[in-house]
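Novice: Predicted coordinates and the sequence they were generated for:
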Amino acid sequence: MIVFASLAALIAVIAGLFIARPLAREKHGAPIALVTTGAIALAAFMIYFPGAEPGEPGQPHSATVARLIEADPSTLTLEEQEERLRALVRREPDNTQALAMLGRLLAATERELEAVSVLERALRIEESARTLSDLGQTLVTLNEGEVTPAASRAFERAYELDPALPEPAFFLGLRAYQDGDREAAARYWGAIIAQLEPGDPFRGAIAARAADLLSRPSAGPALGAGGEAAGEAPFADLDPGEAEAMVAAMVDRLQARLDENPDDFSGWMTLVRARATSGQREAALASLAQAQSNFDSEPRRVMLSALARALGLVPVSGAQQDEETR
């Protein structure tokens with residue numbers, strides 16, 4: 001393409017010199033002639049360039065675009081899919097489906113800022129729960145996992161339009177969790193689990209993620225295997241006996257709070273995790289059994305079962321593993 005465009009420019013230079021030759025003879029006309037020649041050459045190059053196709057000299061760009069538009073998207077490379085969508089948007093500026101798909105592709109290829117712009121453009125034409133959810137997720141990625149107010153608004157509107165769409169409910173739950181409202185988070189995540197069919201992989205993934213987040217201590221580091229903090233050592237300056245005493249005191253305080261407020265779902269999950277990761281297996285099983293007795297709704301039992309599996313605990317009597325997460 002560049003070779004032919006350059007040839008076109010060369011021809012234009014010759015033509016420009018011929019056209020500008022009379023100007024060059026005039027006093028102070030040489031600069032004008034030079035500018036005129038350059039302008040003609042540039043114009044010729046720009047006229048040729050859009051119609052050329054890389055690797056296929058002489059093939060009109062419009063033919064390539066037509067081929068991409070008519071092609072099965074699954075047979076195209078990622079770059080061809082993007083060019084196809086951009087061509088569709090140029091041809092049909094109000095094609096919200098093409099805009100939404102282009103926005104998703106840009107987000108998937110880590111071009112979040114452009115993706116936000118494209119998705120917002122689609123939403124100005126027509127609201128869609130899926131596009132709103134895509135916009136919210138892109139904003140979360142752009143802000144390193146934080147569910148910002150702008151993302152929250154997108155998820156809230158998506159949830160209004162389609163409560164059955166799982167992603168908005170998940171991220172609204174995550175926002176509640178980040179705001180410190182664990183009960184609201186559990187309700188959002190439980191609603192997703194309740195509406196998804198047994199065997200749906202997304203159901204198991206939501207349960208596992210909810211179990212992980214809701215079982216983390218609300219203050220201080222999360223405990224890892226053996227009672228140590230995940231990724232850090234908060235008791236590194238203490239001897240083993242002192243560290244064990246501090247963990248035991250934390251667990252005792254949590255148990256006392258749950259005796260006063262047995263409806264604290266996240267509190268029970270935290271207690272099970274703290275005891276299991278501190279090596280108190282039997283105590284962890286007893287706490288798990290109590291939690292399963294307190295919360296008999298299917299979604300919450302699914303989350304408790306996911307926690308038990310993650311901690312390597314054997315399900316207790318009356319707590320059958322949820323069918324889709326076996």
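Specialist: That came in fine, so what should we check first?
Novice: contacting residues for the closest residue to Asp94 other than its chain neighbours?
Specialist: Residue nearest to Asp94 in three dimensions, not counting chain neighbours: Ile125, with 5.4 Å by CB to CB, 6 or more residues apart in numbering. (Glycine included, C-beta is placed from N, CA and C.) Residues in contact with Ile125 (CB atoms under 8 Å, 6 or more residues apart in numbering) are Asp94, Thr96, Leu99.
Novice: From the residues you listed, pick the one nearest Pro198.
Specialist: Thr96 (34.0 Å; CB to CB).
Novice: Give me the local confidence score for that closest one.
Specialist: The confidence metric pLDDT takes the value 96 at Thr96.
Novice: now Glu282
Specialist: So, for Glu282, pLDDT stands at 94.
Novice: any idea how far Pro149 is from it?
Specialist: Here the criterion is CB to CB, to the nearest Å. By it, Glu282 lies 45 Å from Pro149.
Novice: Repeat that for Leu119.
Specialist: In terms of CB to CB, Leu119 sits 17 Å off from Pro149.
Novice: higher neighbour count, those two?
Specialist: Leu119 (28 against 9; other CB atoms under 10 Å).
Novice: got the contact list for that one?
Specialist: Residues in contact with Leu119 (CB under 8 Å, 6+ apart) are Leu99, Ala100, Gly103, Ala107, Thr131, Asp134, Leu135, Thr138.
Novice: can you rerun that using 6 Å?
Specialist: Going by CB atoms under 6 Å, 6 or more residues apart in numbering, Leu119 touches Gly103, Thr131, Asp134, Leu135.
Novice: a helix runs through the second one, doesn't it?
Specialist: Yes - assessed by DSSP: H, G, I helix; E, B strand; the rest coil, Thr131 belongs to a helix.
Novice: can you count the residues close to the nearest residue to it once chain neighbours are set aside?
Specialist: Among residues not flanking Thr131 along the chain, Ala100 sits closest, at 4.6 Å (CB to CB, 6+ apart). Residues lying near Ala100 (other CB under 10 Å) number 24.
Novice: what's the spacing between Ala100 and Gly145?
Specialist: For Ala100, the distance to Gly145 - CB to CB - is 23 Å.
Novice: Repeat that for Asp181.
Specialist: From Asp181 over to Gly145 (counting by CB to CB), the distance is 18 Å.
Novice: In terms of neighbours, single out the busier of these two.
Specialist: Asp181 (15 against 9).
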